[in-house]
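J.: Turn this into a model:
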Amino acid sequence: MKKSLLTFCVITVFAVSACATDEADVYDADDLNTQQNSQTVQILDIRPAKIKSANNEAKGIATALGVAVGGILGNKTTKEKNSTAGTALGAVAGGALGYGAGAVAGSVKSEGVTITYQSRNGIKTSTQKGRLCQFKEGTALLVSTHKGDTRIQPNATCSKGNKK
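T.: Down below sits the predicted model:
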C-alpha cells in the first residue's frame, strides 16, 4: 500500500510539472479546431515582461503530499488497522487540505514579452508568455483566439546560445 501511495505521489508531481509551459506557440485545447481571426503585423519593439500566475506546481505537490500523508494517517488511526475505508477517507481529506495549502502558496512569475506592433488598426501592444529570442522586429502573424484576445506567433528561433 505504501508503495502504491508513493508511486501515485511521484506520478502526480510529474504530471503537474509537465503541464507548465512558457512557450508563445502553445494553445489551450479549447482553442483547437475553432475559427480564429488572424492578420500580419509589423513588430516594432519587444520588451521582457514577467507573467504572474497561480502556483499550480505548489498546489499539485501539496495535494499529492496531502493524499499520501492523509492516506497513511487514515489507515493507522482507524479502529481496524489497515482499513481501506480509513485509507481512502484520509487520502481524500489530506488531498483537500493539501490543495488548500498549495493555493495559499501564492503565485509564480514566468518569462514573458510585451510586443509593440503596427496593425491595420494602428499601434498596439500585446503581453504574452514567451521568450525574447522567439521574436524579432519585422513581419509576424497575430492570431485572435477569443474576442479581444491576441497572440503574436513567434517569428524567430532561439539558438542554444540565445535563450533569452
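J.: which residues sit in contact with the residue lying closest to residue 45 once chain neighbours are set aside?
T.: Using Cβ to Cβ, 6 or more residues apart in numbering and skipping the chain neighbours, the partner closest in space to residue 45 is residue 116 (4.1 Å). (C-beta placed from N, C-alpha, C; glycine too.) Going by Cβ atoms under 8 Å, 6 or more residues apart in numbering, residue 116 touches 43-47, 123-125.
J.: Repeat the analysis, applying 6 Å as the threshold.
T.: 44-45, 125 (Cβ atoms under 6 Å, 6 or more residues apart in numbering).
J.: quick one, helices of this structure?
T.: Along the chain, counting by DSSP state H, helices occupy 2-18, 56-77, 84-104.
J.: which stretch in these has the least confidence?
T.: Ranked by mean pLDDT, those bottom out at helix 2-18, which scores a mean of 42.
J.: what sits up against the lengthiest strand in the chain?
T.: The residue-count maximum for a strand in the chain (DSSP state E) belongs to strand 37-54. Contact with strand 37-54 is made by 107, 109-110, 112-119, 127, 129, 132, 135, 137, 139-144, as judged by Cβ under 6 Å, 6+ apart.
J.: are any of those buried, and which?
T.: Listed as buried from the contacts of strand 37-54 are 112-113, 115, 117, 129, 132, 135, 140, 142-143; burial here means 16 or more other Cβ atoms under 10 Å.
J.: before we move on, the earlier item: Provide the strand pairings for the longest strand of the chain, with the direction of each partner.
T.: strand 107-119 (antiparallel), strand 138-144 (antiparallel) (DSSP bridges).
J.: List the buried residues in that strand.
T.: Of all the residues in strand 37-54, those buried under the rule 16+ other Cβ under 10 Å are 41, 43, 46, 49, 51.
J.: My guess is residue 155 contacts residue 137. True?
T.: No. Using Cβ atoms under 6 Å, residue 155 is not in contact with residue 137, being 9.1 Å away.
J.: hang on, residue 156 packs against residue 136?
T.: Yes. Between residue 156 and residue 136 there is a contact at 4.3 Å, judged by Cβ under 6 Å.
J.: So between these two, which is more surrounded?
T.: Higher neighbour count among residue 156 and residue 136: residue 156, with 17 against 14, using other Cβ atoms under 10 Å.
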